[in-house]
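Visitor: Show me how the following folds:
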Amino acid sequence: MTQTEWAHLPNSKHIDWVLASLKAHPEKWDVARNAARGEAREVAWYAAWYAAKAAAWDAAWDAALDAARYAAWYATRTAAWYAAWDAALDAAYYAAGDAATGAILALIAHDDCAYMIESEIGELKIIAAFGDPRAILLLPACIAYNETKELV
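Guide: Coordinates of the predicted model:
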């Protein structure tokens, strides 16, 4: 695999997996998104998505004091966003891309959450039910992973 702009991030392996999995199995991501998001969880999912986006943005803003770090983060965020979006368009599944983008945002904003992708679905559902934004955003990725059991 070629060097990506986010290769320096702690969760780069998992970001690569999300993008590869979305491209290879878009139908699994669509099913995973629907399974992870019920009517009652939709508000919590959007809150977690926006919180992760805000955390990622805040991290970038703080890094603006160091121009090199800011440029690297912005390039990483932009590249990850467009890569996820392109993968979603290629697969023609907006919903799947939405779930993948949420997973990527969580992986960028939280260095300590990659293990959640390989967790058992039931365990992660419990953590998500307690309102953990990382678990809420990574639940579709966990479901997709458990369907394929392949990690790049």
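
Visitor: Low-confidence bits of this protein, can you list those?
Guide: Scanning the chain for pLDDT under 70 picks out the ranges 1-2, 37-47, 57-97, 150-152.

Visitor: go again using 50 as the cut-off
Guide: The model of the chain has pLDDT under 50 over residues 1, 39-40, 65, 68, 91-93.

Visitor: ranges for the helices of it?
Guide: Remark: helices assigned in the chain by DSSP state H are 12-24, 26-36, 39-63, 67-91, 94-109, 121-129, 133-148.

Visitor: Mind listing what's buried along the first one?
Guide: Judged by neighbour count (16 or more other Cβ atoms under 10 Å), helix 12-24 contains these buried residues: Ser12, His14, Ile15, Asp16, Trp17, Val18, Leu19, Ser21, Leu22, Lys23. Just so you know, the C-beta spots here come from the backbone N, C-alpha and C atoms, and that holds for glycine as well.

Visitor: For the first one, which non-adjacent residue is closest in space?
Guide: Excluding the flanking residues, the one nearest Ser12 by Cβ to Cβ, 6 or more residues apart in numbering is Trp6, at 5.2 Å.

Visitor: since we're on that neighbour, how many residues are nearby?
Guide: Trp6 has 21 neighbours, counted by other Cβ atoms under 10 Å.
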